[in-house]
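**Student:** next input, structure requested:
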Amino acid sequence: MNKQQWFKQAITIGMCTTIGLCTLAATEIGTTHAAAASASVNGQSIINLGKKYMGVRYEFGASTSSTRSFDCSSFTKYIFGKYGVDLPRTSEAQSKVGKSVSKANLRVGDLIFFSSGSRANGKNVTHVAVYAGNGKILHTYGSPGVTLSDLNSGNWKRTYLFARRVL
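**Tutor:** Here you go, the predicted model:
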């Protein structure tokens with residue numbers, strides 16, 4: 001085998017090895033993402049966990065590391081965090097994560113934002129809840145604490161701003 005033939009063979013072997021390794025790497029990446037997607041949390045899991053805290057008292061500025069009391073954003077941060085979704089601490093900051101979703105396309109587990117309460121001006125985010133399906137939201141405020149409310153009536157219908165999908 002002369003130098004030129006040897007050189008061509010070395011290049012061919014090198015190219016085949018590169019193609020094979022790239023294919024293997026791409027297959028591994030696809031498998032990893034598929035496994036992650038199938039193991040990802042769904043909104044119903046978050047709602048089910050949140051419902052275990054029904055009636056836990058509301059406390060503005062509540063700790064994110066305790067379940068003795070919650071405010072709206074410490075509640076969402078806590079229940080999503082248990083499934084590996086790290087949300088910011090405040091409802092205002094939470095309103096900037098994920099992707100926008102219309103009210104007509106809500107899915108269980110979507111975050112819903114309101115301008116409600118004494119700090120509200122009708123445009124600023126002051127409250128966050130989790131869509132629980134069938135027109136219900138899971139959240140906490142004043143009395144009764146963690147509760148389910150009707151999104152499409154009363155205060156929650158009037159003060160609805162928008163929703164975000166983080167799952």
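**Student:** next up, the contacts around Ala163.
**Tutor:** Contact analysis of Ala163 by C-beta atoms under 8 Å, 6 or more residues apart in numbering lists 100-103, 106, 110-113, 131. Yep, even glycine has a C-beta here, placed from its N, CA and C like the rest.
**Student:** any idea how many residues pack against Gly81?
**Tutor:** Number of residues near Gly81 (other C-beta atoms under 10 Å) recorded here: 13.
**Student:** which residues in this protein form helices?
**Tutor:** Assignment of helices within the chain using DSSP state H yields the ranges 3-39, 43-51, 72-81, 91-94, 154-159.
**Student:** of the contacts of Ala163, which is the nearest to Lys123?
**Tutor:** Phe113 (11.0 Å; C-beta to C-beta).
**Student:** and the closest one, what are its bridge partners?
**Tutor:** Note on Phe113: beta-bridge partners by DSSP bridges are Val128, Phe162.
**Student:** my guess is it contacts Asn124. True?
**Tutor:** No: with contact defined as C-beta atoms under 8 Å, Phe113 does not reach Asn124; the gap is 9.8 Å.
**Student:** where does this structure have low pLDDT?
**Tutor:** Across the chain, the ranges flagged by pLDDT under 70 are 1-40.
**Student:** looking at the contacts of Ala163, spot the one nearest Phe75.
**Tutor:** Nearest to Phe75 out of those is Leu111 (C-beta to C-beta; 11.3 Å).
**Student:** could you tell me which residues make contact with the closest one?
**Tutor:** So Leu111 contacts 76, 94-95, 98, 128-131, 163-166 (C-beta under 8 Å, 6+ apart).
**Student:** if I look at it, how far off is Val85?
**Tutor:** Taking C-beta to C-beta, to the nearest Å as the measure, Leu111 falls 10 Å from Val85.
**Student:** tell me, what's touching these two both at once?
**Tutor:** With C-beta under 8 Å, 6+ apart, Leu111 and Val85 have common neighbours Val166.
**Student:** coming back round to it: which one's more surrounded, Phe113 and Asn124?
**Tutor:** More crowded of Phe113 and Asn124, by other C-beta under 10 Å: Phe113, with 22 against 14.
**Student:** ok, so what distance separates the more buried one from Ala93?
**Tutor:** Taken as C-beta to C-beta, the span from Phe113 to Ala93 is 11 Å.
**Student:** do the same with Arg158
**Tutor:** For Arg158 relative to Ala93 (C-beta to C-beta), the value is 24 Å.
**Student:** equivalent analysis for Arg165, please.
**Tutor:** Arg165 is 16 Å from Ala93, where distance means C-beta to C-beta.
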